[in-house]
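> Test case, fold it:
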Amino acid sequence: MLPNAWDAASARAVEAAGFPAVATASAAIAPVLGYADHEGTPPEEMFAAVARIVRAVSVSVTADLEHGYGIQPDELVARIADTGAVGCNLEDSDPSTGELLEAERHADYLAAVRAAAASADLDLVLNARTDTAVPADADTDLIDEVIARCRRYHQAGADCVFPISADHTVIREIVQAVEAPVAVLYRPGWPALTELAALGVARVSYGPGLHRASHALLSRMLTAVRDGANPYNQ
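Numbering: from 1, shown residues only. Below is the predicted model:
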């Protein structure tokens, strides 16, 4: 279980709750820094944010690095090493368009990142995210596509695969077909974690969900302050 943090304070809260690792969420860090998601954050600011989170906690940190910000693998690995993070997510869609990239192109990038990490003697946990949408009523061809992407990314050197847009009802089929640990993004209405574990899920993160929930509470409290009500009753 990897609750996602967006700054040093939230990362410390994750650690204090007893979790042995912290994940970052680009979709949470971006608005904190004043930018849009989908690589709207300048890479130097994103890496600086990750480094602050790493310094703030004593547990391992894995970083959501979107599609790598157009940075070449050697430099990307060097920047990850400089932050002190021990893992990263890399997604297979173009942040500027949202379009899926060719699977082989992303696999080549993952393989190059893995090779660069090996050359730098960095034991990097590489989580390969695929943005292929797989709804509950997905047909066989669509499920086969996400399975093929997951398999290819694992072959390219990913330690685990992350079908982020797959509905929980199709997760078992993906888990059984892919010989790699499978990560999921937990969403409202999803089954209990014990049920996901029974399906074979290895890793659960929460993306920007905790950050958005925190800001929803803040908005309600501020509305109460504006209206002269007690904000602590919200």
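> how near is residue 28 to residue 214?
9 Å (Cβ to Cβ, to the nearest Å). In this view, the C-beta of every residue, glycine as well, is placed from N, C-alpha and C.
> What of residue 45?
Applying Cβ to Cβ to residue 45 and residue 214 gives a distance of 21 Å.
> so who does the residue lying closest to residue 155 once chain neighbours are set aside touch?
Computed as Cβ to Cβ, 6 or more residues apart in numbering, the closest residue to residue 155 that is not its neighbour in sequence is residue 107, at 7.2 Å. By Cβ atoms under 8 Å, 6 or more residues apart in numbering, the contact list for residue 107 reads 152-153, 155-156.
> and with 6 Å instead?
152-153, 156 (Cβ atoms under 6 Å, 6 or more residues apart in numbering).
> Identify the bridge partners of the residue minimising distance to the centre of the chain.
Closest to where the C-alpha atoms of the chain average out (Cα atoms, centre = their mean) is residue 64, at 4.8 Å. Judged by DSSP bridges, the bridge partners of residue 64 are residue 89.
> That one and residue 89 touch, don't they?
Yes: in this structure, residue 64 is within contact of residue 89 by Cβ atoms under 6 Å, at 4.7 Å.
> in whichever strand or helix holds the residue nearest to residue 155, what's buried?
Assigned by DSSP states H and E, residue 107 belongs to helix 103-119. Within helix 103-119, the residues scored as buried using 16 or more other Cβ atoms under 10 Å are 103, 106-107, 109-114, 116-117.
> Adding distance to residue 40 and pLDDT, write those residues out as TSV.
Formatted as TSV, these follow (distance: Cβ to Cβ, whole Å; pLDDT from 0 to 100):
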residue	distance to residue 40	pLDDT
103	25	98
106	21	98
107	26	98
109	20	98
110	23	98
111	27	98
112	25	98
113	22	98
114	27	98
116	25	98
117	26	98
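> Okay, helices next: where are they in this protein?
8-16, 26-33, 43-56, 73-83, 103-119, 140-155, 171-177, 193-199, 209-226 (DSSP state H).
> for the fourth one, packing partners?
The reference is to helix 73-83. Contact partners of helix 73-83 among helices and strands, from 3 or more Cβ pairs under 6 Å, 6 or more residues apart in numbering; DSSP states H and E: helix 43-56, helix 103-119.
> could the ones you listed go into CSV alongside distance to residue 84?
CSV is the format used below for these (distance: least, Cβ to Cβ, whole Å):
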stretch, distance to residue 84
helix 43-56, 4
helix 103-119, 14
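> between the ones you listed, which one is nearest to residue 167?
Of all the helices and strands packed on helix 73-83, it is helix 103-119 that lies closest to residue 167, at 20.4 Å by Cβ to Cβ.
> report the angle between the axes of that closest one and helix 73-83?
Following axes from the mean of the first three to the mean of the last three Cα atoms, to 10 degrees, one obtains 50 degrees for the angle between helix 103-119 and helix 73-83.
> No further questions, thank you.
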